[in-house]
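Chemist: Sharing a model prediction with you, sequence too.
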Amino acid sequence: MEKQRAPRNRTLTCSAAELDRLSEKLSRLMVPSASADLEGRIINQDLFAAAGYLPKSFADLIILDPPYNLSKNFHGHIFKGKEKAEYCNYFESVLDILLPTLRPNGSVYVCSDWKTSVLIAPILEERLCVRNRITWEREKGRGAKTNWKNNTEDIWFCTASDDYYFDVDAVKLKRKVIAPYRDEGGKPKDWDEGEDGNYRLTHPSNIWTDVTIPFWSMPENTDHPTQKPEKLIAKLILASTEKGGFVFDPFLGSGTTAVVAKKLGRRFVGVEQNPEYCCWAQKRLELAELDLSIQGYADGVFWERNSLAEQKAELPRANVVAPSKEREPLVKLRKQRGRPRIITPAATNANLSLFE
């Protein structure tokens, strides 16, 4: 039964007719593919099944957001937390697939919670150059009576080598100046004085408190249980890719990475096994043709949380992406509606499956 939502609820959903239409645009890899074949596509397939058909050294940036090592229901696909060794084995097998797709000067961001971070950090240090650990605040979350409330997540910033791209100027944060200093001439020192207040562009740190988790009144919101905010993904893409760079998300979910890449003029491909999530992503990509805005990012800078009234109304014209012609999927999928299903690859080692 479909959820009953309040009239002002803007959560993105797909009707049965939309699921039929959008599923026709999804792809499945059955033959080795070049990067040009993948550009702009959503691959509805288990990652392990698609692995053998992915090209080598095509991705400038991989955004890796796998299931964390905890129990979670992904719309009928139940992931249960594993023993530490079992999860580490799975994570290493994912890296075995992904690292050959990364360019020699490429970057990887890996999302995790604190428990999962303990497991994956040594693996990342062994396989990549770990540059930093970003910790970002989730303002949602239930309190705990016998422990500290858990409302942060980690993002591990890694590179393939010491030769990598990073644009710090593209990800500066515009913050209000509480105690503005002035020089001897009375002019602002390292800050700007404007009609709407006093602001300073600050270098981004590895502690992010300006991100808002998508919720019902935000048009980017979906029913995906672990959806990442567009603003968060925008920071990663802007920092670690140039215009036209290729972004790869092997656990695409509801499509946030693909949508943000499109809005920012980057090429992209995503892999996701859940067909309904893929349709949500495809619908979001269509909506991005009409609206390039990213909440919390305006006038070429990131803004603090709850500053919408103070942000500039105009989007940078440089971010406009011309609509592209639709292409036939590599392999058309059968029309699907209702409860999502798992596409089980015939040649996949069953021990690597995270889902029951």
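Modeler: Now that the structure is in, tell me what you want to look at.
Chemist: Kindly indicate whether Val108 is helix, strand or coil.
Modeler: strand (DSSP: H, G, I helix; E, B strand; the rest coil).
Chemist: Could you number the chain from 49 rather than 1 from now on?
Modeler: Noted, 49 is the first residue going forward, which turns the last one into Val156.
Chemist: Is it in contact with Cys206, as I believe?
Modeler: Yes: counting by C-beta atoms under 8 Å, Cys206 is a contact partner of Val156 at 4.6 Å. All C-beta atoms are positioned from the backbone trio N, CA, C, and that covers glycine.
Chemist: Look up how far Ala282 lies from the closest residue to Ala54 other than its chain neighbours.
Modeler: What sits nearest to Ala54 in space, not counting adjacent residues and going by C-beta to C-beta, 6 or more residues apart in numbering, is Trp264, at 7.5 Å. The gap separating Trp264 from Ala282 is 21 Å, by C-beta to C-beta, to the nearest Å.
Chemist: Which of the two has more residues huddled nearby?
Modeler: The residue with more neighbours, out of Trp264 and Ala282, is Ala282; 24 against 11, by other C-beta atoms under 10 Å.
Chemist: Pull the contacting residues for that one.
Modeler: Contact partners of Ala282, counting by C-beta atoms under 8 Å, 6 or more residues apart in numbering, are Val308, Lys311, Leu312, Ile342, Tyr345, Phe350.
Chemist: hmm, try it at 10 Å
Modeler: Taking C-beta atoms under 10 Å, 6 or more residues apart in numbering, we find Ala282 in contact with 218-219, 304-305, 307-309, 311-312, 342-345, 350.
Chemist: Mind telling me which residue is nearest the centre of this structure?
Modeler: Thr305 (3.8 Å; C-alpha atoms, centre = their mean).
Chemist: Determine how far the helix or strand encompassing that residue lies from the middle of the whole chain.
Modeler: Using DSSP states H and E, Thr305 falls within helix 304-311. With C-alpha atoms, centre = their mean, to the nearest Å as the basis, helix 304-311 stands 8 Å off its chain's centre.
Chemist: Parallel or antiparallel, list what pairs with the following helix or strand past that helix.
Modeler: Counting by DSSP H and E, the next helix or strand C-terminal to helix 304-311 is strand 315-320. The partner list of strand 315-320 in its sheet, established with DSSP bridges, is strand 89-92 (parallel), strand 294-297 (parallel).
Chemist: isn't there a strand covering the residue nearest to Ala54?
Modeler: No: counting by three-state DSSP, Trp264 falls outside a strand, being coil.
Chemist: residue contacts, it?
Modeler: Arg53, Ala54, Arg56, Asn57, Arg58, Thr59.
Chemist: surely Asp297 meets Thr149?
Modeler: No: between Asp297 and Thr149 there is no contact under C-beta atoms under 10 Å: 11.6 Å.
Chemist: Looking at these two, which is more packed in?
Modeler: Per other C-beta under 10 Å, whichever of Asp297 and Thr149 has more neighbours is Asp297, with 26 against 21.
Chemist: Give me the nearest residue to that one, chain neighbours excluded.
Modeler: Thr305 (3.8 Å).
Chemist: residue ranges with poor pLDDT in the stretch 49-198 of the chain?
Modeler: 49-50, 119, 121, 123-127, 189 (pLDDT under 70).
Chemist: Report the buried residues of stretch 181-188.
Modeler: For stretch 181-188, burial by neighbour count (16 or more other C-beta atoms under 10 Å) applies to Arg181, Ile182, Thr183, Trp184, Glu185.
Chemist: now the helices: where do they sit in the stretch 249-398 of the chain?
Modeler: 278-288, 304-311, 323-336 (DSSP state H, counting those that start in this stretch).
Chemist: and Lys51, that one's in a helix?
Modeler: No: Lys51: not assigned to a helix; according to three-state DSSP it is coil.
Chemist: Can you give me the neighbour number for it?
Modeler: For Lys51, using other C-beta under 10 Å, the count is 8.
Chemist: Glu278 now?
Modeler: If you count neighbours by other C-beta under 10 Å, Glu278 ends up with 26.
Chemist: Isn't it up against Leu335?
Modeler: No: using C-beta under 10 Å, Glu278 is not in contact with Leu335, being 11.9 Å away.
Chemist: Contacts only, for Leu176.
Modeler: 143, 147, 150, 154-156, 158, 204-209.
Chemist: could you flag which of these are buried?
Modeler: Leu143, Leu150, Gly154, Ser155, Val156, Val158, Trp204, Phe205, Cys206, Thr207, Ala208.
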